[in-house]
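A.B. asks: Kindly generate the corresponding structure for this input.
(chains A and B)
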Amino acid sequence: MPWIAPEILLTALACVLLLVEAFAKPCPRLIGFVTLAGIFAAIGITIATPIASEFYVAPWGGLYCLDRPAQFFKVFFLVTAALVTWISLAADEESLPNRGEFFVFPLLTAAGLCLLASTMDFMVLFVALELVTISFYILVAYQRTNAIALEAGVKYLILGALSSAFLVMGIAYTFGITGSTQFVEIGRAIGHGPLPLGLKFGLLLIIFGLGFKVAAVPFHLWAPDVYQGAPTSITAFLSVGSKAAGFILLMRVLYTAFGSAAAFATWIPMLSVLAALSMLLGNLAAIPQRNLKRLLAYSSIGHSGFMLIGIIAQIRTPGLAISVFIYLITYLLANLAAFLVIAVASKTIRGEQIHQYAGLWQRSPVLAASLAIALVSLAGIPPTIGFIGKLSIFGAAWQSGLYPLFWIGVVSAVAGLYYYLGVVKAMFWSEPLDNTPIPACLCTKALLLVLSGLTLLLGFWPQGLQHLVRIVQS
Amino acid sequence: MVPLHYYLVVSAILFFVGLLGVLTRRHAIIVLIGVEIMLNAANLNFIAFWRFGPNPDLLLGQLFTLFSIAIAGAEAAVGLALVIAVYRFYKTPDLEKMTSLHE
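C.D. replies: From the prediction side, this is the model:
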């Protein structure tokens, strides 16, 4: 069964490593490197798997599909998981209990994320989503002797479980009205008629559940606390992996299952409100933040809003929304670079407050420059790749005539400049609290160079990005 | 036979009882119980919809409910472990006592 080989490999490796960790007690870093090797093997398998020429192949009677977007998202999730493992290794937090197991759980999360990329059925969606979420509950509260981590874990658990309950209830109503859990069958059952009331209710609850995953306002309440309390590598995983998973699910569910004109009329207003609120609140609430991880949490809420515009704007395009794919790539590069810098720097400066990053340029030019490029890219300033991402989203919004959302987006993006550049200003033009240099190993520096290099290179040469995305769409 | 909408009403009542529990109670265990009640409300819905649906031979509703029960169990296991860790640290299961975030 070659389609599902990456998921099988990751799950089996996680089980073996858990047993090895329990009985042999090897060095935690060794487990980290084995995890990394396993993820690279899964990337290789995913890329090597041939894709059939039809729009999607559906093994297991239509529960699972492996089309180009699914392959793209699998590679996206696995690259994220690999970089997250790298951040865990670079941070090497001695305070974590059972550090070996800490490297194993991301494998299970990655397996769940890969399954989510291919799901064509609400049953698979629910099981895979819970695999991801439950392993995140464990990872977020991993520092279980730390008050902040515990509080973050409890908040994530309760709000996460609540959102799962809403999602299951929504799926139940959808199943009740249409008699199926498969996206294609649901789309066929809806046909071109108006949506019955029960189905509208189900759709509302499903958007509740998925809105929590992408941290869109008003389902964002968990994000700032959880981002701040979780270990830095897990914050990076949540902000990139979990969010991208929410978007592929939104695209699959909304375009395939709820893809009729009557269904559009139901969910487009809901999603427009979520997008507008997320952009405004995310970018405005980030301004007074003093903690860098909390600031990135609010910024990620704002980015969810921008990507929701992409989903609304491209309902008529064949395949899935191109601008969201481009935006996710820019978001991955910038966010993971930023969190890698935070993970490495906080080993020396023992904190994530912005004033502690003052004068970072004098203490470590590589870290400061990488963080600055990442933040400038998140702000969407040319010539970074973040500008290309914003441009494609706003272009799609303008072409679809979403003028109110377009202008709200522009205003929020301008407000975003203020706090991103505030951090850059502190790093370059403020006096450092102390002048001890911040050490970073050669591998970390090389990785930062690659991430920043791609951020700049693809900003100058966007055709490469467009070419990649066109391959995904074909 | 009891008609479908009776089941839907019971399930909706259960769902709101659970939601009310999550939103108003401050004891961590009671909040977890509230979430479980909500999940079971959805399960009841699934079984009812399956039984009254167009093709009950497909067993789709039962299948989903079995998965949902197993996952709710896993969620409760992780949740209770977390509550124990919290209790050891704060010496209270009261969620309002946890206010170390919010700088």
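A.B. asks: give me the element residue A:417 is part of.
C.D. replies: In this assignment (DSSP states H and E), residue A:417 forms part of helix A:403-429.
A.B. asks: following that helix, which helix or strand shows up next?
C.D. replies: Immediately after helix A:403-429, counting by DSSP H and E, sits helix A:442-460.
A.B. asks: which residues of chain B fall in helices?
C.D. replies: B:4-24, B:28-52, B:60-90 (DSSP state H).
A.B. asks: make that the stretch 251-400 of chain A, sorry
C.D. replies: A:261-286, A:292-313, A:322-349, A:360-363, A:365-379, A:385-399 (DSSP state H, counting those that start in this stretch).
A.B. asks: now swap in the stretch 1-150 of chain A and tell me
C.D. replies: Using DSSP H, counting those that start in this stretch, helices in the stretch 1-150 of chain A cover A:5-24, A:28-48, A:59-62, A:68-91, A:99-118, A:122-140, A:147-178.
A.B. asks: Confidence-wise, which of those helices is weakest overall?
C.D. replies: Among the helices of the stretch 1-150 of chain A, helix A:59-62 has the lowest mean pLDDT, at a mean of 67.
A.B. asks: Burial check on residue 8, number of neighbours?
C.D. replies: I went with chain A, as the question did not name one. Counted by other CB atoms under 10 Å in any protein chain shown, the residues lying close to residue A:8 total 14. Yep, even glycine has a C-beta here, placed from its N, CA and C like the rest.
A.B. asks: think we crossed wires, I meant chain B
C.D. replies: By other CB under 10 Å, neighbour count at residue B:8 equals 19.
A.B. asks: Residue A:89 too?
C.D. replies: So residue A:89, with other CB under 10 Å, has 20 neighbours.
A.B. asks: thinking again about what came up before, in terms of secondary structure, what does the helix holding residue A:417 contact?
C.D. replies: In this structure, helix A:403-429 makes packing contacts with helix A:261-286, helix A:292-313, helix A:360-363, helix A:365-379, helix A:385-399, judged by 3 or more CB pairs under 8 Å, 6 or more residues apart in numbering or on different chains; DSSP states H and E.
A.B. asks: What residues of it count as buried?
C.D. replies: Using 16 or more other CB atoms under 10 Å in any protein chain shown as the burial criterion, the residues of helix A:403-429 that qualify are A:405-406, A:408-409, A:412-413, A:415-416, A:419-420, A:422-424, A:426-427.
A.B. asks: ditto for stretch A:348-362
C.D. replies: Result for stretch A:348-362 [16+ other CB under 10 Å]: buried residues A:348-349, A:352-354, A:356-361.
A.B. asks: got the CA positions of it in PDB?
C.D. replies: Extracted in PDB, the C-alpha atoms of stretch A:348-362 (Å, rounded to 0.1, in the frame of the first residue of the first chain):
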ATOM      1  CA  THR A 348      21.600  32.600  26.700                       C
ATOM      2  CA  ILE A 349      19.300  35.500  27.400                       C
ATOM      3  CA  ARG A 350      16.900  33.400  29.500                       C
ATOM      4  CA  GLY A 351      13.700  35.000  28.400                       C
ATOM      5  CA  GLU A 352      11.500  36.000  25.500                       C
ATOM      6  CA  GLN A 353      10.800  39.700  26.400                       C
ATOM      7  CA  ILE A 354      11.400  42.100  23.500                       C
ATOM      8  CA  HIS A 355      13.600  44.400  25.700                       C
ATOM      9  CA  GLN A 356      16.000  41.400  26.200                       C
ATOM     10  CA  TYR A 357      16.500  41.300  22.500                       C
ATOM     11  CA  ALA A 358      17.800  44.800  22.500                       C
ATOM     12  CA  GLY A 359      21.100  45.100  20.700                       C
ATOM     13  CA  LEU A 360      21.000  41.500  19.500                       C
ATOM     14  CA  TRP A 361      22.900  42.700  16.400                       C
ATOM     15  CA  GLN A 362      26.000  43.400  18.600                       C
END
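A.B. asks: gap between that stretch and the chain center?
C.D. replies: 26 Å (CA atoms, centre = their mean, to the nearest Å).
A.B. asks: which outside residues touch that stretch?
C.D. replies: A:228, A:289-293, A:295, A:342, A:345-346, A:367-369, A:371, A:422-423, A:426-428, A:430-433, A:435-436, A:438-439 (CB atoms under 8 Å, 6 or more residues apart in numbering or on different chains).
A.B. asks: Output the below-cut-off pLDDT ranges for the chain.
C.D. replies: Just so you know, I chose chain A. Scanning chain A for pLDDT under 70 picks out A:1, A:52-60, A:93-95, A:317-319, A:474.
A.B. asks: sorry, should have said chain B
C.D. replies: Short version for chain B, where the test is pLDDT under 70: B:100-103.
A.B. asks: Give me the residue at the spatial middle of the chain.
C.D. replies: Here I'm looking at chain A. residue A:240 (2.4 Å; CA atoms, centre = their mean).
A.B. asks: please go with chain B instead
C.D. replies: The residue lying closest to the centre of chain B (CA atoms, centre = their mean) is residue B:36, at 2.3 Å.
A.B. asks: The residue of the stretch 201-350 of chain A found nearest chain B sits in which helix or strand?
C.D. replies: Distances between the stretch 201-350 of chain A and chain B by CB to the nearest CB are smallest at residue A:225, namely 4.8 Å. Using DSSP H and E, residue A:225 sits in helix A:222-229.
A.B. asks: Name the residues that touch that helix?
C.D. replies: Residues contacting helix A:222-229 (CB under 8 Å, 6+ apart): A:140, A:146, A:148-153, A:155-156, A:159-160, A:212, A:215, A:235, A:238-239, A:291, A:293-294, A:296-298, A:300-301, A:352, B:101-102.
A.B. asks: So which residues on the stretch 251-400 of chain A come close to chain B?
C.D. replies: A:290-291, A:294 (CB under 8 Å from any CB of the partner chain).
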